[in-house]
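> predicted model and sequence below, questions to follow.
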Amino acid sequence: MFNALEIMNILGVISFTISGASKGVKKELDLFGTIVLGIVTSYAGGIVADLLVGVIPPTILKQWQLLLLSISVSITTFFYYKQLNKKFLTLVLKVSDAIGLAAFAAYGAYLAYSHGFSLITVAMISSIVASGGGVLRDVLVNDVPLILTKEIYATAALSGGIVYYLVASISSQGYATVVTILTVITIRILAIKYNLHLPIIKAEVENR
């Protein structure tokens, strides 16, 4: 049987691999480039999580099964990408990204809380871990990272970390994990559906 940590890892890897590989196809990368982007997107979060709490080498690097899983999902995404309905594909990408964000937010919070960190630290690590793969993915394909735009992305993960800490403090970590995942997914989906975002200031172009 898988424990909660392994389940979060698997969910995060599958979801973020789909997200990364799909962006690779969209950016017209070849098969190798698509696989690399899928692996980078899915692995960055877990690696950052372990490094932040002092787990060396990172757990995910010792699990070859997850690497094989990421490669397989990347290849499948590459070959079946164009066969999917565009509207359905867009929905799949948004949902998979939301699930990956939630899984790694819970993963980061789980590790941080288990090491006795404070509420603020748990929330910060949760946010960094959840958004790390997406940032690296966007940078590699020369896009502005999603968390630096008006999207409610890292904020959702940050909220998940806070929820995890509060629930784990009065209940079990297993229950906190479930509540955190549901919270992050809900926030992210609502933000997408209703176009919710943080405030921005549009810079005025100077006339010369």
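Thanks, I have the structure now. Nothing here was measured: the structure is a model prediction, and the numbers come from that model.
> pLDDT below threshold where in the chain?
1-5, 84-85, 150, 203-208 (pLDDT under 70).
> rerun that using 50 as the cut-off
1 (pLDDT under 50).
> chain center to the top helix by length along the chain, what's the gap?
In the chain, taking DSSP state H as the definition, the longest helix is helix 86-114. Put simply, helix 86-114 sits 5 Å off its chain's centre (Cα atoms, centre = their mean, to the nearest Å).
> what's the spacing between the following helix or strand past it and its chain's center?
Per DSSP states H and E, the first helix or strand lying C-terminal to helix 86-114 is helix 119-140. Centroid separation between helix 119-140 and its chain, computed with Cα atoms, centre = their mean, is 8 Å.
> helix 119-140 vs helix 86-114, what angle?
140 degrees (axes from the mean of the first three to the mean of the last three Cα atoms, to 10 degrees).
> now do the very next helix or strand once past helix 119-140 against helix 119-140: the angle between them, please.
Sequence order places helix 154-170 as the next helix or strand after helix 119-140, per DSSP H and E. Helix 154-170 runs at 150 degrees relative to helix 119-140, counting by the same axes, to 10 degrees.
> buried set for the helix or strand following helix 154-170?
Downstream of helix 154-170, the first helix or strand assigned by DSSP H and E is helix 173-193. Neighbour counts over helix 173-193 (16 or more other Cβ atoms under 10 Å) mark 173, 176-177, 179-181, 183-185, 187-189, 191-192 as buried. Yep, even glycine has a C-beta here, placed from its N, CA and C like the rest.
> mind giving me the packing neighbours of the helix or strand hosting V13?
Remark: V13 resides in helix 4-26, with elements defined by DSSP H and E. Packed against helix 4-26 by the contact rule (3 or more Cβ pairs under 8 Å, 6 or more residues apart in numbering; DSSP states H and E) you find helix 31-52, helix 64-80, helix 86-114, helix 119-140, helix 173-193.
> list the buried residues of it.
4-5, 7-25.
> and if you look at stretch 94-104?
If you call a residue buried by 16+ other Cβ under 10 Å, then stretch 94-104 has these buried ones: V95, S96, D97, A98, I99, G100, L101, A102, A103, F104.
> which one of those residues is nearest L198?
Nearest to L198, judged by Cβ to Cβ, of those is L101 at 15.9 Å.
> residues contacting the closest one?
Neighbouring residues of L101 by Cβ atoms under 8 Å, 6 or more residues apart in numbering: A130, S131, G134, Y153, A156, A157, V184, I185, R188.
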